[in-house]
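Trainee: I need the structure of the sequence given here:
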Amino acid sequence: MRRAVCPGSYDPVTNGHLDIIERAAKLFDEVVVAVMINKSKKGMFTIDERLEMLREITAHLPNVRVDSWHGLLVDYCRQHDIAAIAKGLRSVSDFDYELQMAQMNRELSGVETLLMSNNPAYGFVSSSLVKEVATYGGDVKNLVPDVVFERLTAKLAERA
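Mentor: Predicted coordinates:
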């Protein structure tokens, strides 16, 4: 069975993330969307909220499951018998960073990394930018899945 992991913070998940997950699901028998936990970072959404949103928006993909992990991604891959990491690239700067990570992950564990070019429609989209624009009242409806937009709007209303 060909298995891959799509790691990220997903705070929040964007249409760019979903595009990469859907494309990876066509290439692999199973794709694990892994919400990576960094306890030193304070996210807008809790880990449980991110997991729930990801499960909702990937429900149409029968070979995708959602999980979380705290620690090295290669340890997750070893523990779950995953041989590949699938990630999206938006820019040359993404490539520089992801190439280093791919080489380190391969050195540490032999896990291969598949770097997928993004859909140009999402080349400028990042979770950080979505949060910033939404915080200042900008329209991000077309940048995130509907369920994420609804929860993002509700979260910002709670904080106001």
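Trainee: going forward, measure contacts between C-alpha atoms and count neighbours the same way
Mentor: Will do.
Trainee: so for the helix or strand of the chain with the lowest mean pLDDT, what gets flagged as buried?
Mentor: Sorted by mean pLDDT, DSSP states H and E, the helices and strands of the chain end with helix 92-109, the least confident at a mean of 92. The neighbour-count check on helix 92-109 (16 or more other C-alpha atoms under 10 Å) flags 95, 98, 102, 105, 106 as buried.
Trainee: please tell me how far the fourth one sits from residue 47.
Mentor: Counting by C-alpha to C-alpha, to the nearest Å, the separation of residue 105 from residue 47 is 24 Å.
Trainee: then the last one?
Mentor: Relative to residue 47, residue 106 is positioned 27 Å away (criterion: C-alpha to C-alpha).
Trainee: what helices or strands is the least confident helix or strand of the chain leaning on?
Mentor: helix 73-79, strand 112-117 (3 or more C-alpha pairs under 8 Å, 6 or more residues apart in numbering; DSSP states H and E).
Trainee: for this structure, what spans make up the strands?
Mentor: Secondary structure of the chain (DSSP state E): strands located at 3-8, 30-36, 64-69, 84-89, 112-117.
Trainee: next, format the ones you listed as a markdown table and append distance to residue 156, mean neighbour count and mean pLDDT.
Mentor: Below are the strands of the chain laid out as a markdown table (distance: least, C-alpha to C-alpha, whole Å; neighbours: other C-alpha atoms under 10 Å; pLDDT from 0 to 100):
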| stretch | distance to residue 156 | mean neighbour count | mean pLDDT |
| --- | --- | --- | --- |
| strand 3-8 | 22 | 23 | 97 |
| strand 30-36 | 22 | 23 | 97 |
| strand 64-69 | 24 | 18 | 97 |
| strand 84-89 | 27 | 22 | 97 |
| strand 112-117 | 31 | 17 | 96 |
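Trainee: good, we can wrap up now.
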